[in-house]
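*Asks:* okay, predicted coordinates and the sequence, questions at the end:
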Amino acid sequence: MAHAYFHAVSSVRKFGGTPLDYYALHEFMDSTKEHVPDARHRLFLHNAWGIWLAERVLGIVLVRNSDKHVTPVRTVLEQHVKEDYGGVIPSLDQCFARAQLYPLLEKDDDWQHCLHSCERFGGRPDDYLPLHQFLNSARTVLPDKASRCVLHNAWGIDLVVRCLGTTFRRSSDHIQTSTRQVAEMHILRDLGAIPTMLEAVRTVPLAKWMYENAVPLSRLLKGETDHHGVPL
């Protein structure tokens, strides 16, 4: 699997600047390797929905440190995914087409979680809506039982905290509330436990399409030709 540094070097060739300008973007896209040590880690962010989610975490534009030039984050992330998947960007549902991990729960939606959080932590139900919508956001492109393996895990909780903050101020009474605590309760209510990312994809088999078309960046960038034999 290509290291984030080589993706960054490739970004320099396409967009200008220096590798360090782009390294944090590519490192985030590959941060799932910390939890899943094979190509299944790409299932979470290496798709159209994952790029949208990464934009929410990283911002819409990158101001390059080297020259202050503004570059769209989406353009850089799309390049990363195409390099890993042989020129294509899959959809999230294509990535998780085989995932049948958790049973459906009756009356399980954003508002039901809000009502439960209000009862457990105080305030009004709408105080908690952004948090529960974030954790359930994969449902926009995946059936419910498959969507839970995307953010309903320890990594997903960390993303919620990164996006919404360690605490959030409830609009109804201005009390600071723990983001992590509410997110953990959401997942516990849905699954009964908080899985790791690796546990979340335990039934998803490693398949050739996840890695066989990846561009060998480390070799290409040290050589003189790209994967079509065209000089770099």
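*Replies:* Good, I have the coordinates.

*Asks:* center of the chain - which residue?
*Replies:* Note on the chain: the residue nearest the mean C-alpha position is L45, at 4.0 Å, using Cα atoms, centre = their mean.

*Asks:* which secondary structure elements does the lowest-mean-pLDDT helix or strand in the chain sit against?
*Replies:* Of all the helices and strands that make up the chain, the one with the lowest confidence by mean pLDDT, DSSP states H and E is helix 217-220; it has a mean of 76. Where contact means 3 or more Cβ pairs under 8 Å, 6 or more residues apart in numbering; DSSP states H and E, helix 217-220 is packed against helix 4-15. Every residue, glycine included, has its C-beta placed from N, CA and C.

*Asks:* CA atoms only: put the helix it packs on into PDB for me.
*Replies:* As requested, C-alpha coordinates have been extracted for helix 4-15 and formatted as PDB (Å, rounded to 0.1, in the frame of the first residue of the first chain):
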ATOM      1  CA  ALA A   4       1.000   9.000   2.400                       C
ATOM      2  CA  TYR A   5       4.300  10.600   1.600                       C
ATOM      3  CA  PHE A   6       4.300   9.200  -2.000                       C
ATOM      4  CA  HIS A   7       0.700  10.400  -2.400                       C
ATOM      5  CA  ALA A   8       2.000  13.800  -1.300                       C
ATOM      6  CA  VAL A   9       4.800  13.800  -3.800                       C
ATOM      7  CA  SER A  10       2.300  12.900  -6.500                       C
ATOM      8  CA  SER A  11       0.200  15.800  -5.500                       C
ATOM      9  CA  VAL A  12       3.200  18.100  -5.900                       C
ATOM     10  CA  ARG A  13       3.500  16.900  -9.500                       C
ATOM     11  CA  LYS A  14      -0.200  17.600 -10.200                       C
ATOM     12  CA  PHE A  15      -0.800  20.800  -8.200                       C
END
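
*Asks:* average model confidence for that helix?
*Replies:* Helix 4-15 shows a mean pLDDT of 94 in the predicted model.

*Asks:* quick one: residues in contact with that helix.
*Replies:* Outside helix 4-15, the residues within contact range by Cβ atoms under 8 Å, 6 or more residues apart in numbering are 17-23, 25-27, 29-30, 71, 75-76, 79-80, 83, 217-218, 221, 232.

*Asks:* what do you get if the cut-off is 6 Å, keeping everything else the same?
*Replies:* If you take Cβ atoms under 6 Å, 6 or more residues apart in numbering as the criterion, helix 4-15 is touched by 19, 22-23, 26-27, 30, 71, 76, 80, 217-218, 221.

*Asks:* tally of neighbours for H116?
*Replies:* By the measure other Cβ atoms under 10 Å, the count of residues near H116 is 17.

*Asks:* quick check: it vs F28, distance?
*Replies:* Separation of H116 from F28 (Cβ to Cβ, to the nearest Å) stands at 31 Å.

*Asks:* for R42, same thing?
*Replies:* On the measure of Cβ to Cβ, R42 and F28 end up 13 Å apart.

*Asks:* who has more neighbours, those two?
*Replies:* R42 (24 against 18).

*Asks:* which residues of the chain fall in strands?
*Replies:* Here the chain has its strands, by DSSP state E, at 61-63, 70-72, 167-169, 176-178.

*Asks:* shaky segments in the chain?
*Replies:* In the predicted model of the chain, residues 1, 98-108, 144, 222-232 satisfy pLDDT under 70.

*Asks:* helices along that one, start to end?
*Replies:* Remark: helices assigned in the chain by DSSP state H are 4-15, 19-29, 42-45, 48-58, 73-84, 92-95, 110-121, 129-135, 144-151, 154-164, 179-191, 197-200, 217-220.
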